[in-house]
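**Student:** Let me see the structure of the following:
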Amino acid sequence: MKNLKSKFIVLDGPDGCGKSTQKQLLAQYFTDNKVKFAAFRDPGSTPTGEKIRQILLHSENHICDRAELLLYMASRAQLWDQCIAPALKNKKCVLLDRWVSSTCAYQGYAGGIGIARVIDIAEHSLERVWPDLTIILDVDIKTAKQRMNRNPDRMERKTAVYHRKVRQGYLKLATMRKDIVVVDGTMDIQTVHNSIIKVIDLHF
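**Tutor:** Below you'll find the predicted structure:
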């Protein structure tokens with residue numbers, strides 16, 4: 001935990017994988033171990049980002065994959081400038097729910113734009129594309145659906161075929177980079193949390 005100053009860590013994965021729960025547990029773990037950190041969500045965490053989040057997740061309007069991609073990038077550019085960069089500069093560990101890996105899996109792979117094209121757009125849009133570590137929580141579609149005991153947002157309402165491709169996109173992305181690690185998200189909450197701590201410990 002002493003090596004986490006100015007480190008950028010992302011939790012990602014398909015809808016229903018348990019990112020929000022694990023982010024809370026990891027934040028508590030950091031607090032207990034006196035790790036200075038800042039936690040954010042993507043999209044969101046800034047006034048501009050929250051408005052974009054509302055458009056992306058709660059709008060009833062049809063938004064094509066390319067428009068989704070650009071809206072996500074706009075939110076990230078603001079999040080980086082207003083929140084992430086200052087936190088890293090202040091030697092805090094940044095803990096983030098989703099980042100470019102999400103767009104690679106959703107709009108890139110499932111949406112058909114292509115992972116390479118998403119990365120290219122990200123490189124032209126963002127100050128920094130890749131975190132120090134991205135942890136993908138992998139769950140099958142059946143498990144994910146059982147966990148989502150809430151009204152689905154606009155992205156979650158997409159077809160089962162789309163969400164299967166999202167999962168495939170994450171797994172493909174993980175084969176492309178050594179700083180992306182897959183954790184089995186189907187296990188119980190504490191076991192997943194312990195696995196995340198182990199990954200962080202080994203990576204840094």
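
**Student:** if I look at Glu123, how far off is Met73?
**Tutor:** 10 Å (CB to CB, to the nearest Å). Heads up, the C-betas are built off the backbone N, CA and C, glycines and all.

**Student:** Comparing those two, which shows the higher neighbour count?
**Tutor:** Using other CB atoms under 10 Å as the criterion, Glu123 and Met73 rank with Met73 on top: 20 against 12.

**Student:** can you give me the helices for the chain?
**Tutor:** 19-32, 47-58, 65-79, 85-89, 100-103, 115-125, 141-147, 160-174, 189-203 (DSSP state H).

**Student:** what comes up buried for the helix or strand bottoming out on mean pLDDT in the chain?
**Tutor:** Least confident helix or strand of the chain, by mean pLDDT, DSSP states H and E, is helix 141-147 with a mean of 84. Under the neighbour-count criterion of 16 or more other CB atoms under 10 Å, helix 141-147 has 141, 144-145, 147 buried.

**Student:** Straight-line length of stretch 134-145, end to end?
**Tutor:** 23 Å (CA to CA, to the nearest Å).

**Student:** Then stretch 101-121?
**Tutor:** 13 Å.

**Student:** Pull the residues that contact it.
**Tutor:** With CB atoms under 8 Å, 6 or more residues apart in numbering as the test, stretch 101-121 has contacts from 10, 12, 14, 42, 65-66, 68-70, 72-73, 100, 122, 129, 134, 136, 155, 158, 162-163, 165-170, 172-173, 176, 180.

**Student:** Also stretch 161-170?
**Tutor:** Under CB under 8 Å, 6+ apart, the answer for stretch 161-170 is 12-15, 101, 104-106, 108-111, 115, 136, 138-141, 144, 182.

**Student:** Give the buried subset of these as a ChimeraX selection command.
**Tutor:** Selection of buried members from the contacts of stretch 161-170 for ChimeraX, criterion 16+ other CB under 10 Å:
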select :12,13,14,15,101,104,105,106,108,109,110,111,115,136,138,139,141,144,182
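
**Student:** Restricted to strands, list the contacts of stretch 161-170.
**Tutor:** Of the positions in the contacts of stretch 161-170, 12, 136, 138, 182 sit in strands, assigned by DSSP state E.

**Student:** Next, count neighbours for Ala85.
**Tutor:** Burial of Ala85 is recorded as 14 neighbouring residues (other CB under 10 Å).
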